[in-house]
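In: this is a predicted model, with the sequence first.
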Amino acid sequence: MIKKLKQTIILALIVFPIVLFGQVNYLETDSLTTINVKLVEGSDIENSQVCKVKIKDKVTEYSPYEVREYGFKNGRVYVSKEIQISDTSKRVFLERILNDKTILYLYKDQSSKLFFIEKDSNVLIKISKENMDGKSYRDQLAKVSNDCQNTSQLVQLVSYTNSSFVKFFKLYDDCKLRPFPHFKFGPTLSYESFELIQPNESRIKQINYFDFDNDRSLSAGMFIDVPIIASDFSIHSEILISKHGFSYNNNVDGNDLDFVTNLSSLKIPLLLRYTCPINKLRPFLNIGVSNLYHYRNETMIYETTMIDNTIIINDVMDTSPTNDYYLEYTLGGGLEYQLNYKNSLFFELRYSKSYVKELLGTKSINIMTGFNF
């Protein structure tokens, strides 16, 4: 009873200032808890070996045998535990990176990075990138999480990183059926409506005589989608190839004025994507920029006149009214349909626009689809 009361008092001493001010530096031994202690934070490897405390101008180091737990005000917590590495048992500080139904720890030294989990039995289970039996960490994850069918297939998508492990065990603890953030790539196809935009201050006055319409064509390419620290945000990029042609005629002061252009383009968008974390049909939004390269840019403006029954054709351009490169801002949204735990289809409506002060700008609307492997 007295021991239980003592533990309650110690816990209260830790929790009360944390609730009031957020986590503060603290250090806990078997008999004493010290709050607002001046801890010296080192590298991950250093923190796993010793706890450094600064008293006045002197730094004192405490081993995992002397300190049971310590934590920094930035939220990082280290717990003293006995672990087995290469047939050797030793006591170290493990960083606690998840404190839920399953407690997840991280250990780093000069030669290894290891995860440990602690479930109801309070027994540490080591999850190495590859164990002595040649089984990968995914095999080990499948074994420790086999009581939840909702996460059974997700182990194939987990990477050996802190954020990926934390995300997986959060889903496992709640046994939720949710998509798991992972690297995606695949083909994409787009139906594009492309338009040239009149500049405000044109260096070539003849282009002001034309009203530009849009040109529609198919474009195709590949995409990659990389999750940001195992979250519902990702970096989405593509390489798309398209072709567009325009031809316009106008009569100005009795002379025929013609505008002809053929563009072959490479578009590389770089987008921030947010995907709603629900099953099957997942809405998403994209925002970012697109790099538009015209690797074929053939543009002519010529004037046709008739003098003494002779047709004379003159090129009236001193410089091309279209750039070889444009930077566009891009907005889009759509739906991703989960086929299984890994593969999906997506459909998107996207708008892109560029602006060049003295040259023709660009504007496009894309109806897109793609499949990720």
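Out: Nice, I can see it.
In: in space, what's closest to Ala142 - neighbours in sequence excluded?
Out: Val155 (4.8 Å; C-beta to C-beta, 6 or more residues apart in numbering). Bear in mind the C-beta positions are built from the backbone N, C-alpha and C, glycine included.
In: could you do Tyr191 as well?
Out: Using C-beta to C-beta, 6+ apart and skipping the chain neighbours, the partner closest in space to Tyr191 is Ile367 (4.7 Å).
In: what's that neighbour in contact with, if anything?
Out: 190-191, 347-349 (C-beta atoms under 8 Å, 6 or more residues apart in numbering).
In: tell me the one of these nearest Leu285?
Out: Lowest distance from Leu285 to the contacts of Ile367 (C-beta to C-beta) belongs to Glu348, with 9.7 Å.
In: now the closest one: how far from Glu358?
Out: As for Glu348, its distance to Glu358 is 32 Å (criterion: C-beta to C-beta, to the nearest Å).
In: higher neighbour count, the two?
Out: Glu348 (21 against 12; other C-beta atoms under 10 Å).
In: wasn't the more buried one part of a helix?
Out: No - assigned with DSSP: H, G, I helix; E, B strand; the rest coil, Glu348 falls outside any helix and is strand.
In: count of residues packed around the nearest residue to it once chain neighbours are set aside?
Out: Closest residue to Glu348 apart from its sequence neighbours, by C-beta to C-beta, 6+ apart: Gly334 at 3.3 Å. Neighbour count of Gly334, defined by other C-beta under 10 Å: 20.
In: avg pLDDT for the helix or strand Gly334 falls within?
Out: Here Gly334 sits within strand 325-338, counting by DSSP states H and E. Across strand 325-338, pLDDT averages out at 96.
In: sorry, back to before: any chance of TSV for the contacts of Ile367, columns distance to Leu263 and pLDDT?
Out: Listed next are the contacts of Ile367 as TSV, based on distance: C-beta to C-beta, whole Å; pLDDT from 0 to 100:
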residue	distance to Leu263	pLDDT
Ser190	15	96
Tyr191	17	97
Phe347	26	97
Glu348	23	98
Leu349	23	98
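In: please check the residues you listed and keep the buried ones.
Out: Taking 16 or more other C-beta atoms under 10 Å as the criterion, what is buried in the contacts of Ile367 is 190, 348.
In: and the residue lying closest to Cys276 once chain neighbours are set aside, helix, strand or coil?
Out: Nearest non-adjacent residue to Cys276, counting by C-beta to C-beta, 6+ apart: Pro283, 4.8 Å away. The three-state label given to Pro283 by three-state DSSP is strand.
In: let's number from 56 now, not from 1
Out: Shifting the count to begin at 56 puts that one at Pro338.
In: quick one, what contacts Pro338?
Out: 330-331, 388-391.
In: do the same with Asn80
Out: Applying C-beta under 8 Å, 6+ apart, the residues near Asn80 are 90-94, 125-128.
In: quick one: it from Val132, how far?
Out: Distance from Asn80 to Val132, by C-beta to C-beta: 11 Å.
In: anything in contact with each of the two?
Out: With C-beta under 8 Å, 6+ apart, Asn80 and Val132 have common neighbours 125-126.
In: quick check: the residue nearest to Glu403 touching Gly425?
Out: No - using C-beta atoms under 8 Å as the test, Gly389 is too far from Gly425 to be in contact (9.8 Å).
In: give the intersection of the neighbour lists for those two.
Out: Joint contacts of Gly389 and Gly425 (C-beta under 8 Å, 6+ apart) are Phe401.
In: need the distance between the two termini of stretch 157-171.
Out: Using C-alpha to C-alpha, to the nearest Å, the end-to-end distance of stretch 157-171 comes out at 10 Å.
In: what does stretch 222-241 give?
Out: Start-to-end, stretch 222-241 (C-alpha to C-alpha) is 24 Å.
In: quick one: average pLDDT of that stretch?
Out: Mean predicted confidence for stretch 222-241 is 94.
In: now stretch 167-187
Out: Averaged across stretch 167-187, the pLDDT comes to 87.
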